[in-house]
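Q: take a look and give me a structure for this.
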Amino acid sequence: MKVTPSAVEGVNIYGPDAPEFESALVKILGRAPKELLVPALPFSVIVENASARAICLLGVRFDMTGPKARQYSVLHYADTLRNPEKGELRPGTKRFVCAEPAYTSLVIRGEVVADTRGRMNLDNLRRMLHIRASLDCIAFDDGTFYGPDSQGGLERFARESAAEAALLAEVLDLQSASIATIEAVLYEAVQDPLNRGRRGVARKLIEGLEAGGRDELIHRARSWRCRMPLTRSAVVAG
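A: Next comes the predicted model:
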């Protein structure tokens, strides 16, 4: 697997052939990798935050060429934009990312076995003729955003946050209305085919309404945290 070097100063990405990879993996795990993780290492990278700021959004892209020269790509996000203070990629820390996310979960959550689908997908990765990993996007806890952002995440996050904020405002405006009126708004939102953020908020508010009635609904609406706003930077991070 090839790795495109990071274009963001203070953020490094290592592939399995890099001399830093093995020692960084041991530092992440606290020990040598267990046998079940070893088959995934050829399809994995480690991202290091060597900057002075915490990373609250990480996007790693894997571009692959399969049999018959078919092109594939997958993009894995690690997102703490709603709670940047809880981000795990603080200065000096590292993150393991595998092209098959089940193995990323093994490391992050300390799980002991990959699911059947994850193991099957690893077999698919072995059939790839070429794989290249790269940093697709990075956002720091001060809201600055970097990277080619091939999937338009910056604009998508902004749209979703705006839709979430609008729904929350609508529900709070209706807090004294009948439950049936509020439910109608929420059930319409939960079926919105165009905005995942709006659907997510609606589901959580419906759960609150069912669990604790109007009071719990209003509590959840008032305490909901949208993703922090991001601003694209035209220069590399210092």
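
Q: residue contacts, residue 185?
A: 167, 170-171, 174 (C-beta atoms under 8 Å, 6 or more residues apart in numbering). All C-beta spots, glycine's among them, are computed from the backbone N, C-alpha and C.

Q: in this structure, spot the helix with the most residues.
A: Using DSSP state H, we find that the single longest helix of the chain is helix 196-223.

Q: quick one: that one to chain centroid distance?
A: Put simply, helix 196-223 sits 23 Å off its chain's centre (C-alpha atoms, centre = their mean, to the nearest Å).

Q: show me what that helix is packed against.
A: helix 153-173, helix 179-190 (3 or more C-beta pairs under 8 Å, 6 or more residues apart in numbering; DSSP states H and E).

Q: what's next to the lowest-mean-pLDDT helix or strand in the chain, contact-wise?
A: Scoring the helices and strands of the chain by mean pLDDT, DSSP states H and E places helix 116-126 at the bottom, with a mean of 83. Helix 116-126 has contacts (C-beta under 8 Å, 6+ apart) with 39-40, 43, 64, 99-103, 114, 131.

Q: so the chain: which segments form each domain?
A: 2-150, 155-223 (automatic domain parsing).

Q: neighbours of residue 52, how many?
A: The tally of other residues near residue 52 (other C-beta atoms under 10 Å) stands at 11.

Q: hmm, it is touching residue 10, no?
A: Yes. Between residue 52 and residue 10 there is a contact under C-beta atoms under 8 Å: 7.3 Å.

Q: what about the protein, any weak spots by pLDDT?
A: The model of the chain has pLDDT under 70 over residues 110-116, 234-238.

Q: let's go with 90 and repeat that
A: 29-38, 67-69, 86-88, 101-124, 192-197, 233-238 (pLDDT under 90).

Q: tell me which residue of it is positioned farthest from its centroid.
A: residue 178 (37.3 Å; C-alpha atoms, centre = their mean).

Q: quick one, phi/psi of that residue?
A: phi -70, psi 150 (degrees, to the nearest 10).

Q: I'd like the numbering to begin with 6 instead of 1 from here.
A: Got it, the first residue is 6 from now on, which makes the last one we talked about residue 183.

Q: that one and residue 172: what is the separation?
A: 18 Å (C-beta to C-beta, to the nearest Å).

Q: residue 168 and residue 51: what is the separation?
A: Note on residue 168: its distance to residue 51, by C-beta to C-beta, is 35 Å.

Q: now swap in residue 112 and tell me
A: Residue 112 is 10 Å from residue 51, by C-beta to C-beta.

Q: look at those two and report which has more neighbours.
A: residue 51 (24 against 20).

Q: for stretch 37-57, measure first residue to last.
A: 28 Å (C-alpha to C-alpha, to the nearest Å).

Q: any buried residues in that stretch, and which?
A: 38, 42, 44-54, 56 (16 or more other C-beta atoms under 10 Å).

Q: what sits against the closest residue to residue 209 other than its chain neighbours?
A: With sequence-adjacent residues excluded and distances taken as C-beta to C-beta, 6 or more residues apart in numbering, residue 209 is closest to residue 225, at 6.0 Å. Residues near residue 225 by C-beta under 8 Å, 6+ apart: 209-210, 213.
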